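Below is the structure, and that's it, no one-letter string:
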Ligand code: B4P
């Protein structure tokens with residue numbers, strides 16, 4: 001299996017690039033943000049709980065997210081590999097993911113981190129908010145809150161993978177095509193190393 005984590009702050013292009021990468025490499029896309037928004041759309045109890053956190057720019061509790069990932073794994077037992085988008089977002093989620101992958105006798109192959117400046121991120125998210133209907137993208141205070149949560153709770157996840165020498169920075173500003181090419185170069189090299 002080839003398992004990849006796309007890492008980066010809100011609005012850095014994880015969702016945008018993931019859609020293309022899963023097509024190119026035949027990976028299963030696991031976006032916790034998308035899964036949570038599906039739960040909200042279906043008005044499930046999990047979705048209603050998640051919405052109260054997401055609307056404030058906070059993270060959804062670890063146990064909720066980890067449970068959701070676990071059942072997604074069960075539904076995709078034959079996957080050639082996963083692309084994790086927006087997960088893990090805390091060190092507890094990263095440890096849980098290590099354990100889930102260990103049970104499948106596999107591990108993370110690479111963590112690619114999209115680097116984008118904060119002003120550009122705010123611009124992208126407010127712009128998306130005009131058409132996406134996402135309540136977490138329309139209010140600049142909520143967007144800033146998401147950045148502070150990212151700094152405090154999610155950046156420690158990078159250390160978790162840097163220790164294992166699996167972490168690489170990718171320039172996340174530029175055209176979607178340019179960034180896709182940089183990501184593909186890194187993935188290609190990593191796949192060769194693993195052969
Ligand atoms: P997510 O759905 O993961 O979304 P995101 O971080 O906001 O966006 P992403 O980086 O995917 O940006 P995108 O490509 O769309 O999270 C939403 C919320 O869900 C979180 O705040 C949290 O509450 C909750 N949540 C999710 N996962 C969780 C977890 N594991 N634990 C706890 N809570 C969790 O790009 C953004 C915009 O930029 C788009 O409009 C796009 O068109 C544009 N764009 C992309 N690339 C561009 C480029 N190169 N140039 C210009 N614009 C670009």
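Structure's in. What do you need? Predicted, not measured: the structure shown is a model, and the values here were computed from it.

contacts and neighbour counts: CA atoms only from here.
Noted.

What is the host helix or strand of residue 177 packed up against?
Taking DSSP states H and E as the definition, one finds residue 177 inside helix 176-194. Contacts defined by 3 or more C-alpha pairs under 8 Å, 6 or more residues apart in numbering; DSSP states H and E place helix 176-194 against helix 14-25, strand 110-115, strand 167-171.

Of all the ones you listed, which one is nearest residue 55?
When these are compared by C-alpha to C-alpha, helix 14-25 sits nearest residue 55, at 18.7 Å.

ok, then the element right after the closest one?
That would be, after helix 14-25 and using DSSP H and E, strand 28-31.

what sits up against whichever helix or strand comes after that following strand?
With elements assigned by DSSP H and E, the helix or strand that comes after strand 28-31 is helix 32-41. Residues from elsewhere that reach helix 32-41, judged by C-alpha atoms under 8 Å, 6 or more residues apart in numbering: 46, 47, 48, 50, 51, 65, 69, 85, 86, 87.

mind checking how far residue 50 is from residue 44?
10 Å (C-alpha to C-alpha, to the nearest Å).

Could you do residue 83 as well?
25 Å.

Which one's more surrounded, the two?
residue 83 (24 against 12; other C-alpha atoms under 10 Å).

Sheet-wise, list the partners of the helix or strand hosting that one with their directions.
Taking DSSP H and E as the criterion, residue 83 maps to strand 82-85. In the sheet containing strand 82-85, its partner strands are strand 4-7 (parallel), strand 28-31 (parallel), by DSSP bridges.

got the contact list for the most centrally placed residue in the chain?
Most central in the chain under C-alpha atoms, centre = their mean is residue 86, positioned 1.7 Å from the mean C-alpha point. By C-alpha under 8 Å, 6+ apart, the contact list for residue 86 reads 6, 7, 8, 14, 31, 32, 33.

Fine by me, we can end here.
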